[in-house]
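**Student:** Output the structure for:
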Amino acid sequence: MATHSYIGIEKENHLIDAIYCHWGGLTHLQTLQEHFRDKEKATQLIAGGSISVLGAEISGADGLSVNTPIKGQTIFYHRDGGEVLVVERDMSREEFMNLSNGYLYSEGKWTFYKDED
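**Tutor:** Take a look at the predicted model:
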């Protein structure tokens, strides 16, 4: 069973762009803190759209797809599965918090929000 989450970045106007993440939603804080700790990397992750799996790498690899994962690689539904690019744009913090479990990059750090339902 998948535990999904959302990964978002708060922009200078305090609105949030976010993507859906299907697998491992409660285990990504360390990966985000270690591999997406600067704003440029966090922005690149969000720009790729919703993901199946979060990995340390977002550049892709030969043979990577939704059906053929490669350890350590992020699997984007758009790039690696041929699906429509999906990024939820310009949400308020309240809207982001109501989505589900979430990771938010804001003011140079990642914060995890757990769904209490």
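**Student:** average model confidence for the longest helix anywhere in the chain?
**Tutor:** Longest helix in the chain by number of residues (criterion: DSSP state H): helix 39-47. Helix 39-47 shows a mean pLDDT of 97 in the predicted model.
**Student:** List the buried residues in it.
**Tutor:** Within helix 39-47, the residues that qualify as buried are 42, 45-46, counting by 16 or more other CB atoms under 10 Å. Where you see a C-beta, it was placed from the backbone N, CA and C, and this is true even at glycine.
**Student:** now, among the residues you listed, which is nearest to residue 107?
**Tutor:** residue 42 (11.6 Å; CB to CB).
**Student:** Let me see the contact set for the closest one.
**Tutor:** 9, 32, 36, 105 (CB atoms under 8 Å, 6 or more residues apart in numbering).
**Student:** Let's see that with 6 Å instead.
**Tutor:** 9, 36, 105 (CB atoms under 6 Å, 6 or more residues apart in numbering).
**Student:** re earlier: report the distance from the following helix or strand past the longest helix of the chain to the chain centre.
**Tutor:** Where DSSP states H and E defines the elements, the next helix or strand beyond helix 39-47 is strand 51-53. For strand 51-53, the separation from the chain centroid amounts to 8 Å (computed by CA atoms, centre = their mean, to the nearest Å).
**Student:** Give the other helices and strands that strand 51-53 contacts.
**Tutor:** Other helices and strands packing on strand 51-53, by 3 or more CB pairs under 6 Å, 6 or more residues apart in numbering; DSSP states H and E, are strand 75-76.
**Student:** and the strand it packs on, what does it pack onto?
**Tutor:** strand 51-53.
**Student:** tally of neighbours for residue 59?
**Tutor:** 8 (other CB atoms under 10 Å).
**Student:** quick one: it from residue 73, how far?
**Tutor:** Residue 59 sits 8 Å away from residue 73, going by CB to CB, to the nearest Å.
**Student:** Which parts of the chain are helices?
**Tutor:** 29-35, 39-47, 77-81, 93-97.
**Student:** low-confidence ranges in the chain?
**Tutor:** 1-2, 25, 116-117 (pLDDT under 70).
**Student:** tell me the contacts of residue 88?
**Tutor:** Contacts of residue 88 (CB under 6 Å, 6+ apart): residue 18.
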